[in-house]
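Participant: Only the shape, not the letters, is given here:
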């Protein structure tokens, strides 16, 4: 096999292809062409598109873990949850169709899972039940994925026009118009507001 076909080269080039073509254009054959090799040579490393997505998803999960789950740990469990959500959103937004591409992928490097150990030990030591930690991070991960999918899909201002919505609703429904303006706030502002609602509930340690 050509020396350049390392995991790092394949994954990095796949990210570039994703950014250029989106998830629908990310195929093993298209990636092989970009790498300058025949498809069979690449299939030896990544036998399917799902295997490729698993490699890419694992890399994104590694970046999130390095930024959000490593010490020093936050002053509170709530702050840790907020940091995780913020980092995950940033990493998904770093690539076109990021949330849609990487959600549901299978981790292929167990060292990414092992990075959780120190954080789990810290927060259980602080009195947060393990089940609450797991449920809180899973709930937050699902929220982030859904939010970013909508955020990336709604980036087309021509399709999602607030003025068009206002006209369609009409002045005789003022609260619905006002609600629409809140819905159309900048994504970062809405994301922070949603975390203000979600995080305190997740972080509340039962008596």
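Facilitator: Now that the structure is in, tell me what you want to look at. Just so we're clear, the structure is a prediction, and the values are computed from it rather than from any experiment.

Participant: Please parse the protein into its domains.
Facilitator: 1-47, 60-203 (automatic domain parsing).

Participant: Give me the phi and psi for residue 159.
Facilitator: Main-chain dihedrals, residue 159, degrees, to the nearest 10: phi -80, psi -30.

Participant: ranking the domains of the chain by mean pLDDT, which is last?
Facilitator: Lowest mean pLDDT of these: domain 1-47, a mean of 89.

Participant: got a list of contacts for stretch 123-138?
Facilitator: For stretch 123-138, the external contacting residues (Cβ atoms under 8 Å, 6 or more residues apart in numbering) are 73, 77, 80-81, 84, 120, 202-203, 205-206. Placement of C-beta: from N, CA and C, glycine included.

Participant: can I get the domains of the chain in a markdown table with distance to residue 54?
Facilitator: Output for these, formatted as a markdown table (distance: least, Cβ to Cβ, whole Å):
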| stretch | distance to residue 54 |
| --- | --- |
| domain 1-47 | 9 |
| domain 60-203 | 5 |
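
Participant: excluding its backbone neighbours, what's nearest residue 202?
Facilitator: residue 136 (4.0 Å; Cβ to Cβ, 6 or more residues apart in numbering).

Participant: how near is residue 12 to residue 46?
Facilitator: 13 Å (Cβ to Cβ, to the nearest Å).

Participant: nope, residue 19 is what I was after
Facilitator: 18 Å.

Participant: give the contact list for the residue nearest to the spatial centre of the chain.
Facilitator: Nearest to the mean C-alpha position of the chain, by Cα atoms, centre = their mean, lies residue 92 at 3.7 Å. Each residue near residue 92 by Cβ under 8 Å, 6+ apart is listed here: 60, 98-99, 102, 144-145, 148.

Participant: what about the residue nearest to residue 202, neighbour count?
Facilitator: Residues within reach of residue 136, counting by other Cβ atoms under 10 Å, total 23.
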